[in-house]
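Participant: need a structure here:
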Amino acid sequence: MGATFGRAGLGAFRLGWTVFVVAAASIPYLLNVHSTPPGSHYTWIMPPYPEDSLAYRAWSEQAARGSLLFRMKYTALPHAPFLFQPFFLFGGWISALTACDIGMVHWGLKTAGVVLFFMAFFKYTDYLRVSGIQSILATVLVGASSGFGGLLVLFGLAKRLPALPADLWVVDSNTFWSLLWNPLFPWSLTLMLFAIHRLDRGTREGRTMDLWQSGLATGALVLIHPYSLPLLATLASLVTVLRRRAEALGYLGRYALPVLPPAAYAASIAAFHPIVSRHSSQGAMQSPALSAYLLGFGLPLLLVAGGLAVARARLVSCHWPVILWLVLSLAFSYVPLWFQRKFIFGAHVPLCILAGVSADLILERFWRPPRRRWAPVVAAMIGAPVLVATPIYLGLEISRSADRSELGRVRHSIDQPLDPRVLGKHRRLGALGDVGRPQGAGGMVHESIQGGLRLERCEEVRRILGSRY
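Facilitator: Residues are numbered from 1 along each chain as shown. Predicted coordinates for the structure are as follows:
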């Protein structure tokens, strides 16, 4: 860790900032644990998409019970286990070995993933040779920045827009939200960032071993979060061809060999497994209008636009692979694939790197050296409300939702049989086919109820799930 947190003052800032973001992404769960009423059980699930988190718990529970392969999470059709997902497999093993609640295990894995993400981020920005102030600005932005969604809602302007800003509802479009929400995203971001770092360095400096490492990281990412593969493969091809030219084929071969086996596995399941192929055809995740992403990126996007305006040649010549990463993320978000919205995942990272560099270039252009020491103070006064508006708004909405669900929730004794008509009404995708024929972990059926989840075991109500109850 010493190599990652080098350069004395910069290293101290990085360490402090990492601790701060880890705390900000972890303490909300601990507060929910503390506020759980007697007789209730906290599941370590955070909005806005608790159904996904419930399915992740089900996978790890299957692993804790000895399964190596998992069932599809979004179907009520009976089927044999077929899915290999090493991340939740590992989580289930930890839970079984330590007798620890799966939710707590996922929380611990998420916390470790946040630390690893920032270590990879610092390694990459050091490789890019950005200055100390540029590194600090990029680090603050990637860990705390949001878009304009919160401000637009607070001023009553969001309803007038053709599309809701993405930072209010697309978790994948914001780094902090990704680090907060579930245990899988921090590790996926880390693998993506490591793969791009090694790709960038290997093609630039002629390090063939870096291409092997980039391919291994991409292959691991395919096994746990495969949606980014087309983006990474395209980025690898373009960067390698533009830099290595005649040697490009050999470099791409080293990158591709570790990627091909997991990619072939994922593609074969998507193409030939009937449940997965049907899910792909009916579970479209379409991207919102481009304006939703532009507003959702907020201040960092404005800084990048300003940087391109005042020092385009310098910014492009030094950081064109980072720009290409961002442009491809936006472009792939509108390709005709059913999971197009998933391509925005990770785009906030190159955006914040470029924004940190751009902010310094803007200051260099318009602020004379004697006055530049006041620039961070002025920038903080102007930028802080923009940076924190959406997190504050979302935090208040989550709190209000939890309070409303607490007042409106219908509680049953776990010994009171549930009316079969109610059970039929509440049965949802991904957990149970018929009564007594479990498809998820423990025969669970779940239902969204005013921001919370109700978990039913076959004929009786077992728990109430939610962010806080």
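
Participant: how about the contacts made by Met72?
Facilitator: Counting by CB atoms under 8 Å, 6 or more residues apart in numbering, Met72 makes contact with 79, 82-83, 275-276, 279, 430. The C-beta positions use only the backbone N, C-alpha and C, and glycine is treated the same way.

Participant: phi first, then psi, for Phe70.
Facilitator: Here is the backbone geometry of Phe70 (degrees, to the nearest 10): phi -110, psi 160.

Participant: what about Met72, helix or strand, and which?
Facilitator: Counting by DSSP states H and E, no helix or strand carries Met72.

Participant: any idea how far it lies from Ser237?
Facilitator: According to CB to CB, to the nearest Å, Met72 stands 31 Å off from Ser237.

Participant: buried subset of the contacts of Met72 as a PyMOL selection?
Facilitator: This is how PyMOL selects the buried members of the contacts of Met72, with burial counted by 16 or more other CB atoms under 10 Å:
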select buried, resi 83+275+276+279+430
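
Participant: with distance to Tyr251 and secondary structure added, can I get the contacts of Met72 in a markdown table?
Facilitator: Formatted as a markdown table, the contacts of Met72 follow (distance: CB to CB, whole Å; DSSP: H, G, I helix; E, B strand; the rest coil):
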| residue | distance to Tyr251 | secondary structure |
| --- | --- | --- |
| His79 | 41 | coil |
| Phe82 | 34 | coil |
| Leu83 | 32 | strand |
| Ile275 | 38 | helix |
| Val276 | 33 | helix |
| His279 | 35 | helix |
| Gly430 | 41 | coil |
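
Participant: lowest-confidence one in the contacts of Met72?
Facilitator: Within these, pLDDT reaches its minimum at Gly430, with 31.

Participant: shaky segments in this structure?
Facilitator: 1-7, 73-74, 281, 283, 368-469 (pLDDT under 70).

Participant: at 50 what do you get?
Facilitator: Along the chain, the model assigns pLDDT under 50 to residues 1-6, 403-469.

Participant: how is it carved up into domains?
Facilitator: 8-35+108-402, 46-92+416-469 (automatic domain parsing).

Participant: and these: which comes nearest Ile102?
Facilitator: If you check each of the domains of the chain against Ile102 by CB to CB, domain 46-92+416-469 wins as the nearest, at 4.8 Å.

Participant: please enumerate the strands of the chain.
Facilitator: Taking DSSP state E to define them, one finds strands in the chain at 432-434, 437-438, 444-449, 452-457, 460-466.

Participant: straight-line length of stretch 45-55, end to end?
Facilitator: Using CA to CA, to the nearest Å, one end of stretch 45-55 lies 11 Å from the other.

Participant: grab the nearest non-local neighbour of Thr111.
Facilitator: Nearest residue to Thr111 in three dimensions, chain neighbours excluded: Ser26, at 5.3 Å (CB to CB, 6 or more residues apart in numbering).

Participant: my guess is the one you found contacts Trp107, does it?
Facilitator: Yes. Under the criterion of CB atoms under 8 Å, Ser26 makes contact with Trp107 at 7.0 Å.

Participant: which one of those two is surrounded by more residues?
Facilitator: With other CB atoms under 10 Å as the criterion, Ser26 and Trp107 differ in neighbour count, and Trp107 comes out ahead with 20 against 17.

Participant: residue contacts, the more buried one?
Facilitator: Trp107 is in contact with 26, 29, 44, 183, counting by CB under 8 Å, 6+ apart.

Participant: my read is that the third one contacts Met104, right?
Facilitator: Think Trp44. Yes. If you go by CB under 8 Å, Trp44 and Met104 touch, sitting 6.3 Å apart.

Participant: more neighbours: which of these two?
Facilitator: Trp44 (23 against 16).

Participant: the more buried one: what's it in contact with?
Facilitator: 29, 32-33, 101, 103-104, 106-107.

Participant: measure the nearest residue to it once chain neighbours are set aside to Pro48 for me?
Facilitator: The shortest distance from Trp44 to any non-neighbouring residue, by CB to CB, 6+ apart, is to Gly103 (2.8 Å). Per CB to CB, Gly103 is found 17 Å from Pro48.

Participant: so which of those two has more stuff around it?
Facilitator: In this view Gly103 and Pro48 are compared by other CB under 10 Å, and Gly103 has more residues nearby, 22 against 17.

Participant: I'd guessed the more buried one sits against Tyr42; true?
Facilitator: Yes. Counting by CB under 8 Å, Gly103 does reach Tyr42; the two are 7.1 Å apart.

Participant: on that earlier part again, which two among the contacts of Met72 are spaced furthest apart?
Facilitator: Phe82 and Gly430 (14.7 Å).

Participant: ok, back up a step: so what's in contact with Trp44 and Met104 at the same time?
Facilitator: Counting by CB under 8 Å, 6+ apart, nothing touches both Trp44 and Met104.

Participant: okay, buried residues for stretch 242-251 please.
Facilitator: 243-244, 248, 251.

Participant: turn those residues into TSV, including distance to Leu221.
Facilitator: What follows is the buried residues of stretch 242-251, written out as TSV (distance: CB to CB, whole Å):
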residue	distance to Leu221
Arg243	22
Arg244	23
Ala248	22
Tyr251	19
